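Trainee: quick one: sequence and predicted model below, then my questions.
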Amino acid sequence: MTIEINEIYLSSVIGRSVINSNGDQIGILRDLIMVPGEVFPEVSHIVIKSRKGLKTLPWGDVTLFTHVVISTGSIRPNRLTTYLPGEGDILVKRDLLDKQIVDVNGAKVVRVNDIKLGKLNHKLCIFSVDIGFRGLLRRLGYVRFGERFAQAIKREIPHSEISWEYVQPLEAHSSKLALNIARNQMNEMHPADLADIIENIPIQNIRTVLNSIDAETTGDTIYELEADMRNVVINQLNDEQVSDILEEMEPDEAADVLSDLPEDKAQGLLEMMDQEDAEDIQELLEHEEDSAGGLMTPDYFRLTSQISIGRALELLKECANDVETIYYGYIVDGEDRLEGVVSLKQLLMNPPETHITDVMEENIKFVHVDSEPEDMLETLAKYDLIAVPVLDSDDRMAGIVTVDDVLAHYLPQIIKIKRR
C-alpha cells in the first residue's frame, strides 16, 4: 500500500537510508531522475548509492517516502538496475540544486537552495523551489537553531519559495522540465528585465534563455544590452537566427545593433535579410550614428491629404503594429513632401466625415537628417512633442525621431555625470 505524501523537501531525504520491506538496507538515496509531467516535473526513478555503485529503482516500486527511510518491496540489492548516466538525464539534486534559475514572476535570476516535492496523481513532483535563507538553513540542518535565534530577536525567517510554474531553468538539459506557462511568461517580461537577467548569468546559459523567447522579444532584449554584451549574445546564435531577429526589430534599433558589429559581419547579415528591411537599415547606417538620420526610424504613420478622419482611423488600425508611434499621422504627397501633421487626439475628437486637411497642422516643426541630438532635443522640448519628422537634403520625409530615442542617446552621459 502506497503511503500518501503531502510535501517534503529534497534536503530532508537526500542521503537517507533506502531499505526493502524485509528491513535490508539497499543503500542511500543519491538523487531523483526527473521527466516532464502534465502539470509539474515528475520523478521517474530514484538513484541509490549502494556498495556496488549507483543503482536505479522505478518510482512505481517505492511504497514509503519519508524523512527517515525510503522503503520498497522485497527487492534485494543485487536485483537493482545499474545506473548508466544518459546524456539527456535530468537529476534534481545534480541539475537543479544550487543552480541559477529565472524567477519569471519576479523577473530576476535566483539560486535554488532547496526543492519542495509533493504527491500528485500517484507521482512525486517538484512543486516549488526554495530560494531563501530558510532553505539554506534547512540543508545545513540549522533550521531549528535559526528559528530559535529569530524568535530571540523577535524576527521571522521569511519563506522565499517560487512555484514551479514561474521557474525557467537555465541549464540547457534541465530547461526541458520548464512548463509552457513559464516560457509564455518569458515572452511577456519587459525586455529591460530580460536584458538584466542575461547580464547576470553565465555565458553558456544565454542560449537557453534565448530559446525560451520569440524572435521579436529577443530583438528588443538585445537592443537593451550594452554594445559589448550585444556582441556576446549575437555570437551565441547562428547568422540565420540573427537575421531573423533583426527583421523583427525596429529599423533604427536593428541599425544600432549592426553598427556595433564588425563591418563584414554586418554586411553578411544584411544580405541574408528581407530586401526591403535590409534597404531601410542600410539607409540608416549611412548616417552618422548620433545624427537625426542615425536615430530616426523610416516607419511612421503615413497619410494623404485626400482622405477623411474616418479613413485615417481605419488606416491607423491597419498599420499600428508596423510603425514606431501612432501619436501623430504625417500627411505627405506623392513625392514624400510633408504637407501637414495630425495628432491622434485630433483624429479621435473630430467627426469621421471631417476632411483631414481641416484639422491638420501645417506649421510643422522638423529637423534634418544631419541635425545633432541637441537640435532634436530642443525641438522636442520646446514644442512638447513626442516625435519629430526628419527631412532629407531635398526636404522630403525620411522618417521620424521619437523622444525616447533622443533620451536614450543622453542617458549614458547622465549616468556618468551622476557617478562622478
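Mentor: Nice, thanks for sending it over.

Trainee: can you give the strand pairings for the stretch of helix or strand Gln168 belongs to, parallel or anti for each?
Mentor: Using DSSP states H and E, Gln168 maps to strand 167-169. Strands that pair with strand 167-169, judged by DSSP bridges, come out as strand 100-103 (antiparallel).

Trainee: and Gly118, what does it touch?
Mentor: Contact analysis of Gly118 by Cβ atoms under 8 Å, 6 or more residues apart in numbering lists Ile5, Asn6, Glu7, Ile8, Leu124, Cys125, Phe127. Placement of C-beta: from N, CA and C, glycine included.

Trainee: go through the chain and flag its longest strand.
Mentor: In the chain, taking DSSP state E as the definition, the longest strand is strand 25-35.

Trainee: can you give the distance of that strand from its chain's centre?
Mentor: Centre-to-centre, strand 25-35 and its host chain are 34 Å apart (Cα atoms, centre = their mean, to the nearest Å).

Trainee: need the CA coordinates for that strand. CSV is fine.
Mentor: What follows is strand 25-35 as a C-alpha-only set of coordinates in CSV (Å, rounded to 0.1, in the frame of the first residue of the first chain):
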residue,chain,number,x,y,z
GLN,A,25,19.5,-1.8,3.7
ILE,A,26,19.9,-1.3,-0.1
GLY,A,27,21.9,1.9,0.1
ILE,A,28,21.3,5.6,0.5
LEU,A,29,19.2,8.0,-1.7
ARG,A,30,21.6,9.8,-4.0
ASP,A,31,19.3,11.6,-6.4
LEU,A,32,16.0,11.6,-8.3
ILE,A,33,15.6,11.3,-12.1
MET,A,34,13.0,13.8,-13.4
VAL,A,35,10.9,13.8,-16.5
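
Trainee: pull out the buried residues from it.
Mentor: Neighbour-count burial for strand 25-35 flags Ile26, Gly27, Leu29, Arg30, Asp31, Leu32, Ile33, Met34, Val35 (criterion: 16 or more other Cβ atoms under 10 Å).

Trainee: swap in stretch 301-320?
Mentor: Buried-residue list, stretch 301-320, by 16+ other Cβ under 10 Å: Phe301, Leu303, Ile307, Ser308, Ile309, Arg311, Ala312, Leu316.

Trainee: dump these into TSV; add pLDDT as well.
Mentor: Formatted as TSV, the buried residues of stretch 301-320 follow (pLDDT from 0 to 100):
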residue	pLDDT
Phe301	93
Leu303	94
Ile307	94
Ser308	95
Ile309	94
Arg311	95
Ala312	93
Leu316	91
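
Trainee: just put those residues in CSV and tack on distance to Ser371 and secondary structure.
Mentor: Formatted as CSV, those follow (distance: Cβ to Cβ, whole Å; DSSP: H, G, I helix; E, B strand; the rest coil):
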residue, distance to Ser371, secondary structure
Phe301, 21, coil
Leu303, 24, strand
Ile307, 30, coil
Ser308, 34, strand
Ile309, 31, helix
Arg311, 32, helix
Ala312, 28, helix
Leu316, 27, helix
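
Trainee: helices of the stretch 101-250 of the chain, start to end?
Mentor: Using DSSP state H, counting those that start in this stretch, the helices of the stretch 101-250 of the chain run over 133-140, 143-152, 180-188, 191-199, 206-210, 215-224, 227-234, 239-248.

Trainee: roughly how far is the first one from the heart of the chain?
Mentor: This means helix 133-140. 29 Å.

Trainee: elements contacting that helix?
Mentor: helix 10-13, strand 114-120, helix 143-152 (3 or more Cβ pairs under 8 Å, 6 or more residues apart in numbering; DSSP states H and E).

Trainee: 6 Å instead, please
Mentor: With contacts taken as 3 or more Cβ pairs under 6 Å, 6 or more residues apart in numbering; DSSP states H and E, helix 133-140 sits against strand 114-120.

Trainee: taking strand 25-35 as reference, get the angle to the strand it packs on.
Mentor: Angle, strand 114-120 to strand 25-35, by axes from the mean of the first three to the mean of the last three Cα atoms, to 10 degrees: 90 degrees.

Trainee: look up how far His45 lies from Leu84.
Mentor: Using Cβ to Cβ, to the nearest Å, one gets 12 Å for the distance from Leu84 to His45.
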